[in-house]
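Q: Coordinates for the following, if possible.
(chains A, B, C and D)
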Protein chains: 2
Amino acid sequence: MLKYNEIATEIEQDILQRNLKQGTKLPKFEELIARYKVSKSTIVKALAILESRGVIYQVQGSGVFVRRRKKYGYINMLENQGFTSDLEEFKITTKVLGVEKIFPTEEIAEYLNCAPGDSLFHVQRIRYINAQALCIEESFFKSSIVPYLNEEIANESIFNYLKSALKLKIGFSDKYLHVIKMKEAESKLLEIETGSPGLFVEELFYLNSGEPFDFSKTTYHHEHSQFFLQSSNLK
Amino acid sequence: MLKYNEIATEIEQDILQRNLKQGTKLPKFEELIARYKVSKSTIVKALAILESRGVIYQVQGSGVFVRRRKKYGYINMLENQGFTSDLEEFKITTKVLGVEKIFPTEEIAEYLNCAPGDSLFHVQRIRYINAQALCIEESFFKSSIVPYLNEEIANESIFNYLKSALKLKIGFSDKYLHVIKMKEAESKLLEIETGSPGLFVEELFYLNSGEPFDFSKTTYHHEHSQFFLQSSNLK
DNA sequence: GAGTGGTCTAGACCACCCT
DNA sequence: GGGTGGTCTAGACCACTCG
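A: This next block holds a predicted model:
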């Protein structure tokens, strides 16, 4: 484990466990350097990570302070993987509608930068939050990277499987979103009236090598989903 | 201007001007160090900034590569200020509905952490994209921080005014969003049928000192707005 | 194994806040 | 002016990729 990651995690844990409020002042650099027995740059890096995650903010000449959000139960849009970790207070369950091996359409081959002949795993699922329909999700995984997938795996967190079993390293992701009126197919699955509002999200996930491996389209139920996002520009 | 910012801007400009494609390999560290006559750490920092902005990605042991998004004309959700800069290809215009000085409701006082007696500027605007209604926006500015505001300023970019004229330094922001069915008041202003889908966004902006100074509620027209978001975890 | 990016250090000096 | 964070350097050593 990297030193700056260890320090970042430890500081974050401490904030959560002691339930420190927004604006609480954290120890100064000098103290952190002494406590963790590392150089100043390592502390700088650990704090930069926490700042980019929205856990703290730093004010030059003044100090380092706790940052807390005002509302809970919102899905973090910056997590570039499933929200399994996000909504810990809630019970997320899954119904798998199908897992099948297919060949890509032109649209999807373009997104995933498929070589000719590449096949994909096509997964369709409904996800529930506290037994209420949260979203319907259609994902495409390049089978050159994800060689195996089945209903049992899709029933749990696919991303956990990719990371733990396949040892894949997720690098980054692009999300495109807009609001829609639901068509009949979606609305039936989400148990809502046709024409109801929904959030439609297209996501493209890349390995840390820069290769795209997962394209997915998700439609969220407007009454059971809400999102949040913390920004802070890197200094 | 900071060295790492200069280098970051220069590299980004270069990518855009030469219109480099996703996956194009950029010069190696050694070369950048020689070109800019700085130490390795400065290059590391410049590239970290570009990576967090979604401009490049770095692969250990391999190189630094250009990252480009697949779609354009989307509002960047990570910019923590107006989208004036975002949609350069489009014509954004504004209709100011009102600018008035008020005292906060309890809800807003809570968000903005108002001291007793603090007053606010209340601004209501409709924004248009290529002459089509994009969103309706209601903002509250703490008058202890924004001592003056009028219709003329609100007709342009308020954030530019805050930065240029008032020399405020925006630090970070929180966004909370969910999809709604529009009520009559909003739908009339956005020239859309009542009950139509919309994206409702609550935003809280902080100075770099950590003090919240602007709370705003925006409702987006679902046919004229689309959003994107690039994530990449800090390493 | 050569090439290339990532981590970490010690220390100098700068910039900003606050009293 | 004292306190505290931010920038930058030079250099050692580590870790990953790729041919």
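
Q: buried stuff in whichever strand or helix holds residue A:160?
A: For residue A:160, the host element (DSSP states H and E) is helix A:158-164. For helix A:158-164, a neighbour-count test (16 or more other C-beta atoms under 10 Å in any protein chain shown) marks A:158, A:159, A:161, A:162 as buried. (Glycine included, C-beta is placed from N, CA and C.)

Q: Tabulate those residues (TSV), appending distance to DNA strand D and pLDDT.
A: What follows is these, written out as TSV (distance: C-beta to the nearest atom of the strand, whole Å; pLDDT from 0 to 100):
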residue	distance to DNA strand D	pLDDT
A:158	21	94
A:159	19	93
A:161	20	94
A:162	15	94
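
Q: could these go into TSV alongside distance to residue B:221?
A: Shown next, in TSV, are the buried residues of helix A:158-164 (distance: C-beta to C-beta, whole Å):
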residue	distance to residue B:221
A:158	34
A:159	33
A:161	39
A:162	37
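
Q: Go through those residues and say which is closest to chain B.
A: Among the buried residues of helix A:158-164, residue A:159 lies closest to chain B (C-beta to the nearest C-beta), at 13.3 Å.

Q: thought the closest one was touching residue A:166?
A: No. Counting by C-beta atoms under 8 Å, residue A:159 does not reach residue A:166; the two are 10.3 Å apart.

Q: any idea which helix is longest in chain A?
A: Looking across chain A with DSSP state H, the single longest helix is helix A:3-17.

Q: Could you tell me which residues within that helix count as buried?
A: Neighbour counts over helix A:3-17 (16+ other C-beta under 10 Å) mark A:4, A:7, A:8, A:11, A:12, A:15 as buried.

Q: Would you agree the second one is in contact with residue A:38?
A: The one in question is residue A:7. Yes. At 7.2 Å, residue A:7 and residue A:38 qualify as touching, with contact defined as C-beta under 8 Å.

Q: Residue A:202 should be in a strand, yeah?
A: Yes. Residue A:202: assigned to a strand according to DSSP: H, G, I helix; E, B strand; the rest coil.

Q: quick one: it from residue A:221, how far?
A: 17 Å (C-beta to C-beta, to the nearest Å).

Q: Residue A:121 reaches residue A:143, doesn't it?
A: Yes. The criterion here is C-beta under 8 Å, and residue A:121 meets it with residue A:143 at 5.8 Å.

Q: Looking at these two, which has the bigger crowd around it?
A: Applying other C-beta atoms under 10 Å in any protein chain shown to residue A:121 and residue A:143 shows that residue A:121 carries more neighbours, namely 22 against 16.

Q: what is that one paired to in the beta sheet?
A: Beta-bridge partners recorded for residue A:121 (DSSP bridges): residue A:101, residue A:141.

Q: follow-up on the earlier one: which other helices and strands does the helix holding residue A:160 contact?
A: strand A:170-181 (3 or more C-beta pairs under 8 Å, 6 or more residues apart in numbering or on different chains; DSSP states H and E).

Q: now the strand it packs on against strand B:170-181, angle please.
A: Here strand A:170-181 runs at an angle of 40 degrees relative to strand B:170-181 (axes from the mean of the first three to the mean of the last three C-alpha atoms, to 10 degrees).

Q: Spell out which strands sit alongside strand A:170-181 in the sheet and which way each one runs.
A: Strand A:170-181 is paired, per DSSP bridges, with strand A:197-207 (antiparallel), strand B:227-232 (antiparallel).

Q: Now do it, average pLDDT.
A: For strand A:170-181, the mean pLDDT works out to 96.

Q: Run the chain-centre distance for the helix or strand bottoming out on mean pLDDT in chain A.
A: The helix or strand of chain A with the lowest confidence, counting by mean pLDDT, DSSP states H and E, is strand A:75-76 at a mean of 90. Offset of strand A:75-76 from its chain centre (C-alpha atoms, centre = their mean, to the nearest Å): 8 Å.

Q: From DNA strand D, how far off is residue A:18?
A: Distance, residue A:18 to DNA strand D, by C-beta to the nearest atom of the strand, to the nearest Å: 18 Å.

Q: Contacts for stretch A:212-220 next, please.
A: With C-beta atoms under 8 Å, 6 or more residues apart in numbering or on different chains as the test, stretch A:212-220 has contacts from A:108, A:111-113, A:134-142, A:145-146, A:168, A:180, A:182, A:186, A:190, A:198-207, B:179.

Q: Generate a ChimeraX selection restricted to the buried subset of those residues.
A: Selection of buried members from the contacts of stretch A:212-220 for ChimeraX, criterion 16+ other C-beta under 10 Å:
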select /A:108,111,112,113,134,135,136,137,139,140,141,142,145,146,168,180,182,186,190,198,199,200,201,202,203,204,205,206,207 /B:179
